[in-house]
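Peer 1: No sequence on hand, only this structure:
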């Protein structure tokens, strides 16, 4: 690591950061609507994005700075076990092809902005809707924090902020500035800002990966030497080699499957989905998004390259930024750092918007001010998006970074418990609302308690996301175990509650709502007045 500031890399980084900042503010004029005082406009970009904008937005949403840093860092630390992220991003796309178009159609028909809007309308239950909203906000907060951790990792490697003994304000000032800029243009432009910046972000990431996958192996003697170095490291460490041992295979498989099920339960994934202008846009995106999985597979190989390059860091999250610092010319290291930094800004913006929409629609409007106007909803959502970012920033500045990473794993356990209500509700009304709420509670309690009991070398609690599966004796992903318990409780209680004819709630949707597309007869008439005139086929 350089003793001082890498001026050239920092200059390139600042150039790209300023460029996307300008784009963020200009985005307010992009696809500008006549009526901007609605969540459809600020929080969903007017539901007007086509195939390519949606593709870049979803890619920028799902493939974050944390992915860029943490996936290869997992390979660097644990070997091929870290590749679980590759199969789960392959599994997820056939899965979402089955339900995302249905969610888009019913949301377009009824003007739903969040998953909780749909759950409330489908099951006639504000309590279940509140549970889904609170879970989404809880799961999103540490995810936003980790985007800021990604920016901080890049700044540390460039030598910005001083050493560990530097005054905290001076050390964290660059991160505070980046946060303030992000907050400002998100407040001003809403979802249009990350949608526009996503083009730059993904272009930079593809460029950096293409160069890295060719240039770095040439400097290190080829992939044979890279894999041999990694094999040697893990053999000496007693891990048995690159591949996970037999005892770790259940953990690998359950983590991949659980992560695939959870990915599109996150509010930011749904926000990006609902911003598209037609059902067909969603279907096309589920077929071309796997291109990002190819990118992720190449990206993961950087972990092995860091081993072969002799990168030594105390914090594994610094391994890839340090690899770029060591291997690339200073100017291209700056490009790589900009890709990581901008790769944090895009998802952080979408996540804060999604969390704010959940609070506004499903807490503020449902419980605090039912007669809120569209303009009031938009104002509250803008303010809450700022508060969410402040909370995430406080999380980063006051807690150990390892804790932040493990809390993000806990977020995955939590968000998976919303799947029965969301995905189940898209296909059937058989599940009883009280049974879904009870199943959610059991999954949340078990998942949180089990994760609390996991220790690691650095902490007593929340030290990981895997634990022994009850009844099997194998180590597996806690989130998937909690999900199975959730489903079992939901199914059993549904039988009981349906048998005693417990009130099932009013379903405001109809079968045809789940298959309609933009422009179909009757769609516009049922939208709220504030959204009916928005652009994009409404």
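Peer 2: Good, I have the coordinates. All figures in this text were calculated on a predicted structure; none of them were measured in a lab. Numbers count the residues shown, from 1 in each chain.
Peer 1: Nearest residue to residue 468 in space, please, no chain neighbours.
Peer 2: Counting by Cβ to Cβ, 6 or more residues apart in numbering, residue 468 lies nearest to residue 475, which is 5.8 Å off, once chain neighbours are set aside. Where C-beta positions appear, they are placed from N, C-alpha and C, glycine not excepted.
Peer 1: do the same with residue 39
Peer 2: The spatial neighbour of residue 39 that comes closest, neighbours along the chain excluded (Cβ to Cβ, 6+ apart), is residue 113 at 5.0 Å.
Peer 1: same deal with residue 85?
Peer 2: Among residues not flanking residue 85 along the chain, residue 71 sits closest, at 4.9 Å (Cβ to Cβ, 6+ apart).
Peer 1: is it fair to say the one you found lies in a strand?
Peer 2: No - secondary structure of residue 71 (DSSP: H, G, I helix; E, B strand; the rest coil): helix, not part of a strand.
Peer 1: Tell me how far it lies from residue 431.
Peer 2: 35 Å (Cβ to Cβ, to the nearest Å).
Peer 1: With residue 282 instead?
Peer 2: Residue 282 is 24 Å from residue 431, where distance means Cβ to Cβ.
Peer 1: before we move on, what about residue 344?
Peer 2: To residue 431, residue 344 is 37 Å away according to Cβ to Cβ.
Peer 1: give me the number of residues near residue 280?
Peer 2: 15 (other Cβ atoms under 10 Å).
Peer 1: Number the chain from 463, please
Peer 2: Got it, the first residue is 463 from now on, which makes the last one we talked about residue 742.
Peer 1: That one: what's it in contact with?
Peer 2: Residues in contact with residue 742 (Cβ atoms under 8 Å, 6 or more residues apart in numbering) are residue 979.
Peer 1: Where does it sit: helix, strand or coil?
Peer 2: helix.
Peer 1: show me where pLDDT drops low in the protein?
Peer 2: Along the chain, segments meeting pLDDT under 70 span 463-465, 493-498, 623-633, 700-703, 861-869, 981-1000.
Peer 1: For it, which residue occupies the most central location?
Peer 2: Nearest to the geometric centre of the chain sits residue 524, at 5.1 Å (Cα atoms, centre = their mean).
Peer 1: pretty sure it contacts residue 731?
Peer 2: Yes - counting by Cβ atoms under 8 Å, residue 731 is a contact partner of residue 524 at 6.6 Å.
Peer 1: rewinding a little: how much space separates the residue nearest to residue 547 from residue 945?
Peer 2: Residue 533 is 23 Å from residue 945, by Cβ to Cβ.
Peer 1: Then residue 900?
Peer 2: Residue 900 sits 14 Å away from residue 945 when distances are taken as Cβ to Cβ.
Peer 1: List of residues touching the stretch of helix or strand residue 521 belongs to?
Peer 2: Residue 521 is part of helix 513-524 when elements are defined by DSSP states H and E. Identification of contacts with helix 513-524 by Cβ under 8 Å, 6+ apart yields 511, 551, 653, 656-657, 659-661, 663-664, 725, 730-731, 733-735, 737-738, 743-744, 746-747, 750-751, 754, 805, 808-809, 812.
Peer 1: and that helix, which residues are buried?
Peer 2: Buried positions in helix 513-524, judged by neighbour count with 16 or more other Cβ atoms under 10 Å: 513, 515-524.
Peer 1: sorry, back to before: wait, the residue nearest to residue 501 sits on residue 506?
Peer 2: Yes - with contact defined as Cβ under 8 Å, residue 575 counts as touching residue 506 (6.4 Å).
Peer 1: what is in contact with these two at once?
Peer 2: Applying Cβ under 8 Å, 6+ apart, one finds that residue 575 and residue 506 are jointly contacted by residue 736.
Peer 1: Residues contacting stretch 875-887, please?
Peer 2: Contacts of stretch 875-887 (Cβ under 8 Å, 6+ apart): 561, 565, 577, 580-581, 584-585, 590, 593-594, 597-598, 600-601, 720, 723-724, 727-728, 893, 898, 901-902, 905-906, 909-910, 913, 927, 940-942, 944-945, 948-949, 952.
Peer 1: do stretch 960-971 as well
Peer 2: For stretch 960-971, the external contacting residues (Cβ under 8 Å, 6+ apart) are 568, 571-572, 583-587, 891-892, 894-896.
Peer 1: coming back round to it: nearest to residue 818, of the buried residues of helix 513-524?
Peer 2: Nearest to residue 818 out of the buried residues of helix 513-524 is residue 523 (Cβ to Cβ; 15.3 Å).
Peer 1: Would you mind measuring from the closest one to residue 707?
Peer 2: Remark: distance between residue 523 and residue 707 (Cβ to Cβ) = 34 Å.
Peer 1: How about residue 935?
Peer 2: Noted for residue 935: a distance of 16 Å to residue 707, by Cβ to Cβ.
Peer 1: Give the residue from those two that has the larger number of neighbours.
Peer 2: residue 707 (11 against 8).
Peer 1: Can you tell me the closest non-neighbouring residue to residue 978?
Peer 2: In space, residue 978 comes closest to residue 567 once its chain neighbours are excluded; the distance is 5.0 Å by Cβ to Cβ, 6+ apart.
Peer 1: That neighbour reaches residue 980, doesn't it?
Peer 2: No - Residue 567 is not in contact with residue 980 according to Cβ under 8 Å; the separation is 9.2 Å.
Peer 1: between these two, which one's more packed in?
Peer 2: Set side by side, residue 567 and residue 980 show more neighbours around residue 567, with 24 against 20, by other Cβ under 10 Å.
Peer 1: which secondary structure element contains that one?
Peer 2: Per DSSP H and E: helix 547-572 holds residue 567.
Peer 1: who touches the helix or strand that that helix is followed by?
Peer 2: Counting by DSSP H and E, the element after helix 547-572 in chain order, helix or strand, is helix 577-585. Residues from elsewhere that reach helix 577-585 (Cβ under 8 Å, 6+ apart): 565, 568-569, 572-574, 587-588, 590-592, 594-595, 598, 727, 729, 732, 820, 823-824, 828, 880, 883-884, 887-888, 891, 893, 895, 898, 966-967, 969-971.
Peer 1: Make a ChimeraX selection of the buried ones in the residues you listed.
Peer 2: Here is the ChimeraX command that selects the buried residues among the contacts of helix 577-585 (16+ other Cβ under 10 Å):
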select :565,568,569,572,573,574,587,588,590,591,592,594,595,598,727,729,732,820,823,824,828,880,883,884,887,888,893,895,898,966,967,971
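Peer 1: what sits in contact with each of residue 524 and residue 731?
Peer 2: Common neighbours of residue 524 and residue 731, counting by Cβ under 8 Å, 6+ apart, are residue 725.
Peer 1: Can you give me the buried ones in the helix ranked longest in the chain?
Peer 2: As assigned by DSSP state H, the longest helix anywhere in the chain is helix 588-620. Burial within helix 588-620, assessed by neighbour count using 16+ other Cβ under 10 Å, is assigned to 588, 590-620.
Peer 1: Can you name the next helix or strand after that helix?
Peer 2: helix 630-651.
Peer 1: Mind jotting down where the helices sit in the stretch 613-762 of the chain?
Peer 2: Residue ranges of the helices in the stretch 613-762 of the chain, as given by DSSP state H, counting those that start in this stretch, are 630-651, 654-682, 685-698, 711-725, 729-736, 741-750, 752-762.
Peer 1: Cool, thanks, talk later.
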